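K.L.:
any chance you could fold what I've pasted below:
(one chain, ligands or ions: 3)
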Amino acid sequence: MARESLTVSECLSIIEYVSDALTNKGTESAVSDIIEKLRVSFGVSCVSIREICPRPCSLRYTYESLNDPTKVKRINETITFDEDVWEGVMENFSHGCYVYKAGGDQSAPKFIGRVPNAPMCMIQVPMYSGRDFVGVLDLVDFDEIRDWSEGEISALTVCANFICHYLYKLNLTLTETRTGNGKDPITGFMSFSAFTEMLDEKLLEMLDGSPIAVVYMDIHHFKLINETYGYRKGDELLKIASRAIYEGASKHAEIIICRAHADYFVTAANVPEKAIPFFDKFVQEINEEVCRLLHESCPDVRIRVNTGICYVRDPKTTAATAIAHANLARKTAKKANMTKPLVFSDEMMEEIKYHEYLTNELPKAIRNHDLKVYYQPKVNCSDDTLYGAEALVRWQKPDGSFIYPDQFIPVFEKNGNIEDVDFYVYRQVFKYIRGRLDAGLPVFPISMNVSRVHFQQDNIVPYIKSLFDEFDVPPNLVDFELTENIYMNNFDRADSLIKYCRDNGIKVSMDDFGSGYSSLNVISSLSIDTLKIDKIFLKHAELDDNDKAVIESIIAMAKRLGMKVICEGVETEAQTEFLKEAKCDQIQGYYYGRPMDEESFNRFVAEHIVR
Ligand code: C2E
Ligand code: CA
Ligand code: CA
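P.N.:
Ligands and ions are numbered 1, 2, ... in the order given. Predicted structure coming up:
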């Protein structure tokens with residue numbers, strides 16, 4: 001049974017309580033009382049407030065109320081997020097609160113932080129001061145599922161606003177972040193919200209004037225600087241970098257500048273149309289100067305600056321859009337490993353629209369079963385019998401054409417919808433196996449892909465459990481393919497999935513092995529069943545001696561560690577023969593079969609012996 005939502009009048013009385021408490025008590029004790037009240041009224045296990053730190057991508061617990069007195073509060077605990085995770089979350093919070101229910105199908109919150117056990121439900125309410133994201137109010141319950149009614153969400157949003165407003169007004173919030181005068185304490189520049197307002201004014205005045213260039217910069221791997229040299233040094237270097245950007249940029253133009261957050265800087269300047277061809281180079285010089293200065297201070301870290309530029313010519317453009325476009329150009333530059341500034345282009349605009357289209361269409365595609373699960377056979381090297389298959393998703397549009405996963409998976413990994421896609425795929429696979437079992441047909445292990453994004457929250461294990469409950473599929477018929485980057489980002493959560501699989505006889509494979517950085521050393525401690533050698537090693541139809549040596553040594557080492565080895569992307573007979581000689585266990589690739597729809601795959605199975 002799920003817990004009932006509060007009634008509208010109960011919600012109103014909470015708002016009243018919050019407003020009274022903040023007016024009549026000292027703010028600090030008022031905030032403690034309020035979160036206590038929220039915890040009791042909503043009947044949840046834990047309510048906490050986390051506020052933004054000046055450190056890149058970090059939040060610090062400042063208030064917490066727990067129903068279990070034996071648990072230690074996390075006050076002052078700081079959590080630093082991965083740059084990518086952070087950016088995704090900021091983007092997501094701009095749409096409002098995050099709600100989560102275990103075993104449900106709605107998208108899950110990203111900012112779970114460290115919790116003692118898997119939450120059954122939670123809501124995360126972002127707190128804003130003006131346009132600046134300053135923190136998050138979390139309500140988490142470990143015992144019961146519940147939905148959050150619109151009234152409850154509104155009440156919590158109002159409460160978060162009240163709290164945020166009072167913390168800010170009385171300067172009780174992390175004073176390191178907010179000095180109260182709208183300035184960034186590390187750089188002394190104006191705050192992001194002041195910058196945005198000023199840029200809006202500049203844009204309005206632009207009529208017939210010269211274009212405005214908005215430049216978005218980020219110091220790549222700044223987290224590494226903090227980790228290697230400590231946060232104090234990190235702050236000092238942010239100051240040095242910001243000075244260099246300011247001095248460089250204001251040499252030729254009147255500029256406005258701010259630190260958007262973390263190690264992200266935004267600058268805007270009027271640039272005469274004639275000067276635009278030289279402007280990129282000028283920005284590039286600033287980048288080089290920043291890199292030089294930072295390198296001087298920390299020679300061990302390879303510093304790079306990624307920059308995006310958006311030239312605004314249309315006065316109707318808002319500051320928020322111009323900044324978002326410059327930021328997108330920066331991200332594109334970063335993805336392409338470009339150290340040169342990249343200018344926002346029409347193609348990028350098209351891409352934004354296409355991503356929006358995909359995101360908007362996804363719920364319908366799932367409802368209408370336009371997402372199709374294709375199966376690609378895995379064949380045993382020893383006797384060419386069928387070992388199993390990998391499930392690969394395709395999106396078939398109503399006109400019959402296909403969108404391939406490389407086009408949409410990265411989009412959904414970024415906006416959090418990947419869970420909807422993957423859970424849909426997992427469900428289809430379980431259904432498929434159940435169908436074969438019921439029909440008395442041969443069955444075999446099917447592997448499913450797990451995105452690293454799943455480990456930003458704790459949903460995946462409960463969801464998998466629920467599928468086993470519903471379809472009663474033997475665990476040895478299911479295999480999860482993880483990529484090495486998940487271990488790097490969220491070791492503990494990835495480890496808990498592996499442990500769950502291990503304890504329950506479900507197989508785990510390491511996908512794309514060799515395409516990243518992790519070594520067999522790391523993997524040896526992880527109890528993985530199968531190592532999947534990445535298709536990158538099979539780029540030559542006839543393998544050259546180097547490729548052969550690498551593959552042979554991976555196979556030998558994996559065997560020593562007690563793992564099976566599969567090679568993917570196998571297209572030719574020569575490759576197949578080599579892999580068989582090298583004692584690879586299985587092969588997957590076009591040579592034996594392309595990914596195929598369920599019907600074709602059933603035919604394929606009927607024509608092959610299943611071991
Ligand atoms: P992956 O997991 O490495 O999957 C293997 C990819 O290699 C598939 O591309 C497959 O069609 C392709 N492939 C198979 N054999 C050969 C071959 O002999 N030669 C070549 N050149 N390619 C071969 P696909 O289906 O386009 O999937 C691309 C990637 O998208 C997958 O790479 C996987 O990372 C992701 N993906 C696919 N389906 C899902 C899904 O349901 N969930 C998640 N999270 N990711 C998925
Ligand atoms: Ca895979
Ligand atoms: Ca792969």
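K.L.:
any idea which helix or strand carries the most centrally placed residue in the chain?
P.N.:
Taking C-alpha atoms, centre = their mean as the criterion, Val85 is the residue nearest the geometric centre of the chain, at 3.9 Å. In the assignment (DSSP states H and E), Val85 maps to helix 83-93.
K.L.:
a strand runs through Lys340, doesn't it?
P.N.:
No - Lys340: not assigned to a strand; according to DSSP: H, G, I helix; E, B strand; the rest coil it is coil.
K.L.:
wait, what's in contact with it?
P.N.:
For Lys340, the contact set (C-beta atoms under 8 Å, 6 or more residues apart in numbering) comprises 280, 284, 307, 333. For glycine as for every other residue, the C-beta is placed from the backbone atoms N, C-alpha and C.
K.L.:
swap in 6 Å and give it another go.
P.N.:
By C-beta atoms under 6 Å, 6 or more residues apart in numbering, the contact list for Lys340 reads Gln284.
K.L.:
check the gap between it and Glu273 for me.
P.N.:
21 Å (C-beta to C-beta, to the nearest Å).
K.L.:
same question for Lys532.
P.N.:
Counting by C-beta to C-beta, the gap from Lys532 to Glu273 is 53 Å.
K.L.:
of these two, who's got more company?
P.N.:
Lys532 (26 against 10; other C-beta atoms under 10 Å).
K.L.:
residue of the stretch 51-200 of the chain closest to ligand 3, please.
P.N.:
Nearest residue of the stretch 51-200 of the chain to ligand 3, counting by C-beta to the ion: Asp84, 20.0 Å away.
K.L.:
count of neighbours near the residue nearest to that residue when sequence neighbours are not counted?
P.N.:
Spatial nearest neighbour of Asp84, chain neighbours left out: Lys414 (7.8 Å); criterion: C-beta to C-beta, 6 or more residues apart in numbering. Residues lying near Lys414 (other C-beta under 10 Å) number 18.
K.L.:
cool, and Leu526?
P.N.:
Neighbours of Leu526 using other C-beta under 10 Å come to 20.
K.L.:
follow-up on the earlier one: so for the helix holding Val85, mean pLDDT?
P.N.:
Mean pLDDT, computed over helix 83-93, is 76.
K.L.:
quick check: what element follows that helix along the chain?
P.N.:
strand 98-101.
K.L.:
packing partners of that next one?
P.N.:
Applying 3 or more C-beta pairs under 6 Å, 6 or more residues apart in numbering; DSSP states H and E, one finds that strand 98-101 contacts strand 121-129.
K.L.:
which strands or helices does the strand it packs on pack on?
P.N.:
The helices and strands touching strand 121-129, judged by 3+ C-beta pairs under 6 Å, 6+ apart, are strand 98-101, strand 132-141, helix 150-169.
K.L.:
from the chain's centroid, how far away is that strand?
P.N.:
18 Å (C-alpha atoms, centre = their mean, to the nearest Å).
K.L.:
and the closest residue to ligand 3 within the stretch 351-500 of the chain, what helix or strand is that in?
P.N.:
Taking C-beta to the ion, ligand 3 has its nearest neighbour within the stretch 351-500 of the chain at Glu481, 6.9 Å off. If you go by DSSP H and E, Glu481 is part of strand 478-483.
K.L.:
name the nearest residue to Asp263, ignoring sequence neighbours.
P.N.:
Phe222 (3.9 Å).
K.L.:
surely that neighbour and Tyr264 touch.
P.N.:
No - the pair Phe222 and Tyr264 fails to qualify as a contact (C-beta atoms under 6 Å) at a distance of 9.3 Å.
K.L.:
I figured Phe402 was touching Arg394, is that so?
P.N.:
Yes - between Phe402 and Arg394 there is a contact at 5.2 Å, judged by C-beta under 6 Å.
K.L.:
looking at the two, which has the bigger crowd around it?
P.N.:
Arg394 (16 against 12).
K.L.:
tell me the SS of that one?
P.N.:
From three-state DSSP, the assignment for Arg394 is strand.
K.L.:
who does it bridge with?
P.N.:
Per DSSP bridges, the residues bridged to Arg394 are Lys372.
K.L.:
I'd assumed Leu371 was in contact with it.
P.N.:
No - with contact defined as C-beta under 6 Å, Arg394 does not reach Leu371; the gap is 7.4 Å.
K.L.:
remind me which residues of the stretch 1-150 of the chain are low pLDDT?
P.N.:
Along the stretch 1-150 of the chain, segments meeting pLDDT under 70 span 1, 25-28, 54-55, 104-117, 130.
K.L.:
apply 90 and report the result again.
P.N.:
1-33, 51-63, 68-122, 127-135, 142-150 (pLDDT under 90).
K.L.:
and for the stretch 301-450 of the chain?
P.N.:
Where the stretch 301-450 of the chain drops to pLDDT under 90, the residues are 301-303, 314-316, 320, 335-339, 352, 414-416.
K.L.:
just the helices in it please.
P.N.:
319-335, 346-367, 405-415, 418-438 (DSSP state H, counting those that start in this stretch).
K.L.:
reformat the ones you listed as a markdown table; add distance to Ala2.
P.N.:
As requested, the helices of the stretch 301-450 of the chain are exported to a markdown table (distance: least, C-beta to C-beta, whole Å):
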| stretch | distance to Ala2 |
| --- | --- |
| helix 319-335 | 38 |
| helix 346-367 | 22 |
| helix 405-415 | 27 |
| helix 418-438 | 19 |
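K.L.:
any idea which of those helices is most buried?
P.N.:
helix 319-335 (a mean of 21; mean count of other C-beta atoms under 10 Å).
K.L.:
tilt between it and helix 346-367?
P.N.:
Here helix 319-335 points in a direction 90 degrees away from that of helix 346-367 (axes from the mean of the first three to the mean of the last three C-alpha atoms, to 10 degrees).
K.L.:
restricting to C-alpha, output helix 319-335 in PDB.
P.N.:
Below are the C-alpha coordinates for helix 319-335, written out as PDB (Å, rounded to 0.1, in the frame of the first residue of the first chain):
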ATOM      1  CA  ALA A 319      20.500  36.100 -22.400                       C
ATOM      2  CA  ALA A 320      19.500  32.700 -21.200                       C
ATOM      3  CA  THR A 321      19.400  31.400 -24.800                       C
ATOM      4  CA  ALA A 322      22.600  33.100 -25.800                       C
ATOM      5  CA  ILE A 323      24.400  31.600 -22.800                       C
ATOM      6  CA  ALA A 324      22.900  28.100 -23.500                       C
ATOM      7  CA  HIS A 325      24.000  28.300 -27.100                       C
ATOM      8  CA  ALA A 326      27.600  29.300 -26.200                       C
ATOM      9  CA  ASN A 327      27.500  26.500 -23.600                       C
ATOM     10  CA  LEU A 328      26.400  24.000 -26.200                       C
ATOM     11  CA  ALA A 329      29.200  25.100 -28.500                       C
ATOM     12  CA  ARG A 330      31.600  24.600 -25.600                       C
ATOM     13  CA  LYS A 331      30.300  21.100 -24.900                       C
ATOM     14  CA  THR A 332      30.600  20.200 -28.500                       C
ATOM     15  CA  ALA A 333      34.200  21.400 -28.500                       C
ATOM     16  CA  LYS A 334      34.900  19.400 -25.400                       C
ATOM     17  CA  LYS A 335      33.400  16.300 -26.800                       C
END
